[in-house]
Each structure stands twice: as structure tokens, then as C-alpha cells.
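Colleague: Sequence and predicted structure below; questions after.
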Amino acid sequence: MTAVTDDHLQGLSGFSGELLRPADAGYDEARAIHNGLIDKRPALIARCRSASDVAAALAFARTHGLDVSVRGGGHNVAGICLVDDGLVVDLSQMKDISVDVAGKTATAGPGVMWGEFNDATQAHGLATTGGVVSTTGIAGLTLGGGIGWLMPKYGLATDNLLSAEVVTADGRTLTASDDENADLFWGLRGAGANLGVVTSFTYRLHEVGPIITGGRILHPFPVAADLLRFFREVTADLPDELMAVAGLVHAPDGSGAKAAGMVVCHCGSPEQAAKNLEPFLSFGSPVDTQVGPLPYSVLNTAIDESFPRGALNYWKSGFAAELSDEAIDTAVDRFAACPSPQTLCIFEHFHGAVCRVPVEATAVPLRQPGYNYLAASVWTDPAATDENVAWTRETFAAMGPYLGNRRYVNYLSADDTAGDPVRAAYGSNYDRLAELKATYDPDNVFRSNVNIVPG
């Protein structure tokens, strides 16, 4: 392993943050991320406080030939925010949030989590599309696209990004927006991890809540196929105000019993919500229904318990333009054999505003109606790793005939290599991104990611 000595660190004399090496107190805590399956040992973790710290860390890595990774919230399942034997540009301490209530914007640091962001904006009855799990960082989610509860009404998280402060591979600090460095801004919205280190995000906010209508509906597993067929039918015509996710899950009581359910979020009026949610509430004989008025910030924690920090995670996902009977039956049959009582498979429905953005408007090509399918294996016993990984791979292979060639960047696993998943993630935007990569990162410094090779 590369040893970073005290003499080496003299070159970082202007660095204002904290520097952690393997022998330092706090190193193991700093290298621990959300996915407990990831166990990487960087040579140096540079916990930055400013854009100038980021530039200094990148210069140090260039001088000493260290590979670089960038950590925001540390939630990415593939663990690409860490790099063995290299330097981690750690942004997790950069947590400033400011809300311009009159202008309906918010500016936040890259270490902010969506739960923190929501708390700050919801204090003023404002929000933007954020992660469906509140412990997700704003940085990685936004730069990869950003699926969230408000996307049918307001688009992806990245569609609500107004500007960003970016440190490029050569140490420059730039502003990226529609008016400044517009080409960089285009690429940041979907492929940002490839183009630079974003040290500040400014978002457009919308009047949401603070009380919306939402929650979960749980059904017994024997009706799982019927529930998914119902979900297919009801999602054929949803208003923009309603986001719906269906899932094959395990009962929240800890029994390990399999179940099927839906989570809904309606950001419209109570009267409209009652009308639009009536089909969901009247379907079948649910074993548990918890849908009603609640704070948006609480709804945003609805599935947090399914993804506890430190649990072992291995995911596979793909996009389905439609849910055929065969796809539904395959999904249910595969889930019936899943080995972990924490695993879940979900179908995130795409419609509304997210699908009205032209494919070429941002780097994100996921703009068609349909369903983002995710098989998310979650377990706690390291001895069960092989079994759970094998089940996930086999399940994804079984679902393959029903999934198209689109992939969501933020759900890709570290071993996703078959079929050129990077091109699948960016589609027709890939070639333009490769040209941008050659402009802003010709040496591919930022390659610990879903990597776009400079073209």
C-alpha cells in the first residue's frame, strides 16, 4: 500500500480540512460508507471544507500519482466514492444549507443528506425532487439524475439544478449554469461525477406541503402478482401530482414474512389526493394501510428502514417500458426464493414531468414512461454474501428479457460490465459526454465512477 508520509503532507500546508491516514484515529470511521459490503483502504482521506481544499487535494494526488475518488454522502451502492491505495476527496463535512424563500432556491454543500435538505426547505413549505431514501446524499443522487417522490410533478433532482460550483481536474473553480460554462452544466446533470468535483449546488424549489398525502399499503404475498397487475393498470393514467412505487418486500414487523406493497406520494390538494388515491386504497384486502396526511419530510423516510446504514447491499436494476404478465410472474417467482428477510424488489414508475424533458436536454436519457426495476439484496451476515449475490445476479438475468437497454447510473453495481452499461446509462448522449470528458478531464482523473472514457 502507498504510504503517505509527513514529508509528503508538507505539500498540503494550505489545506484547511482534516487529513486521515490508515494509522490515524478516525480513519476507519471515515472510510465506512452506507454499504457495509464495501471495504476499501485509501492511502489518504482528505476531508475538505472548501473548494480550495478540493483543488489542493487534487494537486497533491497529481504530484504523488495517487488515484482519486470523490465522496459526498457515501450512499452509492457500488462504493465508487472510495478508492484503494489512493486519495479520497471527502466532501461529507461540507453541510451548509441556505434557503432563499422569496426566490424559491436553496444552495447546499455536497455533504448534505436529503433528509437534512428537506428539513431546511420544508420549514418554509418548499421542496425539490430528492432521494426516496432520506439518508442519500444530495451530491451523488443529483449528479446521476435523481429519482424521487416529486419527479412526476417537477422532474428529476438534476432537472431542478440551477447552478453548481465545480472544481475541475486541473484545479480550476468554475460556475456551471445555463449562462456560464453551459456545456459543463449540461454534462453535470447526469454524468457529473466524470467531469469535476461539485462543491456547491443551487436548486429550484417548489411549493410542497409541508403536509402532503402519502404512505404505504401492504398486501399478503399470495396476491403479489395481482397487485403488480393492478399497479400496471392504475399507473397507465396518473396525474403529475402522484408518484407511486410497487414492491415485493418483507413485513416490517421483523417476522421475515414476504409481502407485496405500494408507497404513494401525492403533492396536490387533499381533495385531488382523495380522488386519485381511491383506486389504490380500494384494491384487494390489504393487511396494513398507512396512507393519509403527513409531512413530506416524513414521507421521504418511508423506506429508510429497508436500507439501514452498515447492512450489506448488492443491487441490480434495469428499465422496463412496460410490465408484461411474464415479467410480473418472473419477478414474483424470483422473490419467493430470495434468501434474505431484508431484501426487496421495487418498480419505480416514470411519468409526468420527468418524461417531458427531451433526452438531449441533459445527460440523463431516462425520459420515457415505464418502470425502473431494482432488485436490492440487503443482508447482515457476511457468511451469507455469496448466496445473496448469486440470487441477485440470477434474478436480474431472469428479468433480462423484460428489461430494455436503459440503466440508471445511481443503481449500477461495481461489477456491472456486461453489455457496456455505461453506454446503456447514457444512450444517445454518450458521444457528447465523451467529448466533454476530453475537454474537462482528458487524463481521466475522475475514473472512480461509472466511467466515461475521454473521446
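Modeller: The structure has been received and is ready for your questions.

Colleague: Point out where the protein drops to low pLDDT.
Modeller: Counting by pLDDT under 70, the chain has low-confidence residues at 1, 419.

Colleague: Give me the domain ranges for it.
Modeller: 15-90, 97-208, 211-411 (automatic domain parsing).

Colleague: what's the span of the first one from first residue to last?
Modeller: It refers to domain 15-90. One end of domain 15-90 sits 13 Å from the other (C-alpha to C-alpha, to the nearest Å).

Colleague: got a list of what the nearest residue to Thr168 once chain neighbours are set aside touches?
Modeller: Spatial nearest neighbour of Thr168, excluding adjacent residues (C-beta to C-beta, 6 or more residues apart in numbering): Gly196 at 4.7 Å. All C-beta spots, glycine's among them, are computed from the backbone N, C-alpha and C. By C-beta atoms under 8 Å, 6 or more residues apart in numbering, Gly196 lies in contact with 166-169, 174, 184, 188, 440-441, 446.

Colleague: cutoff 10 Å now
Modeller: 54, 58, 70, 143, 164-170, 172-174, 176, 184, 187-188, 440-441, 445-446 (C-beta atoms under 10 Å, 6 or more residues apart in numbering).

Colleague: out of the residues you listed, which are inside helices?
Modeller: Counting by DSSP state H, the contacts of Gly196 place 54, 58, 143, 184, 187-188, 440 in helices.

Colleague: Export these as CSV, with columns for distance to Thr136 and neighbour count.
Modeller: Formatted as CSV, these follow (distance: C-beta to C-beta, whole Å; neighbours: other C-beta atoms under 10 Å):
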residue, distance to Thr136, neighbour count
Val54, 21, 30
Leu58, 25, 25
Leu143, 12, 32
Leu184, 24, 22
Gly187, 22, 28
Leu188, 18, 29
Tyr440, 25, 24
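
Colleague: which residue is nearest the middle of the protein?
Modeller: Taking C-alpha atoms, centre = their mean, the centroid of the chain lies closest to Leu141, which sits 3.9 Å from it.

Colleague: Name the helix or strand for that one, please.
Modeller: Using DSSP states H and E, Leu141 sits within helix 138-143.

Colleague: Quick check: which of the domains of the chain is nearest to Ala434?
Modeller: Proximity to Ala434, assessed across these by C-beta to C-beta, is greatest for domain 97-208 (9.5 Å).

Colleague: thinking in terms of the whole chain, how far from its middle is that closest one?
Modeller: 12 Å (C-alpha atoms, centre = their mean, to the nearest Å).

Colleague: now stretch 417-424
Modeller: 18 Å.

Colleague: Contacts made by it with the rest, please.
Modeller: So stretch 417-424 is contacted by 191, 194, 318-319, 365, 397, 400, 404-409, 412-413, 416, 429-431, 433-434, 449-453 (C-beta under 10 Å, 6+ apart).

Colleague: Check which helices and strands the helix or strand just after the helix holding Leu141 is in contact with.
Modeller: Sequence-wise, the next helix or strand downstream of helix 138-143 (DSSP H and E) is helix 151-154. Contacts defined by 3 or more C-beta pairs under 10 Å, 6 or more residues apart in numbering; DSSP states H and E place helix 151-154 against strand 242-250, strand 258-266, strand 344-350.

Colleague: If we ignore the residues flanking it in sequence, what's nearest Val249?
Modeller: Val249's closest residue in space is Leu344 (C-beta to C-beta, 6+ apart), at 4.5 Å.

Colleague: what do you get for Asp443?
Modeller: Ala169 (6.7 Å).

Colleague: Also Asn35?
Modeller: Asn35's closest residue in space is Asn313 (C-beta to C-beta, 6+ apart), at 4.5 Å.

Colleague: chain center to the helix or strand hosting Phe280: distance?
Modeller: Using DSSP H and E, Phe280 falls within helix 270-282. Chain-centre distance of helix 270-282: 28 Å, with C-alpha atoms, centre = their mean.

Colleague: just the angle between that helix and strand 242-250, please?
Modeller: Taking axes from the mean of the first three to the mean of the last three C-alpha atoms, to 10 degrees, helix 270-282 and strand 242-250 form an angle of 30 degrees between their directions.

Colleague: could you say what helices and strands helix 270-282 packs with?
Modeller: Using 3+ C-beta pairs under 10 Å, 6+ apart, helix 270-282 sits against strand 211-220, helix 224-234, strand 242-250, strand 258-266, strand 288-295.

Colleague: how deep is Thr289 tucked in, by neighbour count?
Modeller: 14 (other C-beta atoms under 10 Å).

Colleague: does the residue nearest to it when sequence neighbours are not counted have beta-bridge partners, and which?
Modeller: In space, and not counting its chain neighbours, Thr289 is closest to Ile217: 5.1 Å by C-beta to C-beta, 6+ apart. Per DSSP bridges, the residues bridged to Ile217 are Met262, Thr289.

Colleague: Quick check: Ile217 touching Gly261?
Modeller: Yes. Here Ile217 reaches Gly261: they are 5.8 Å apart, a contact under C-beta atoms under 10 Å.

Colleague: intersection of neighbour lists for those two?
Modeller: In contact with both Ile217 and Gly261: 227, 246, 286-289, using C-beta under 10 Å, 6+ apart.
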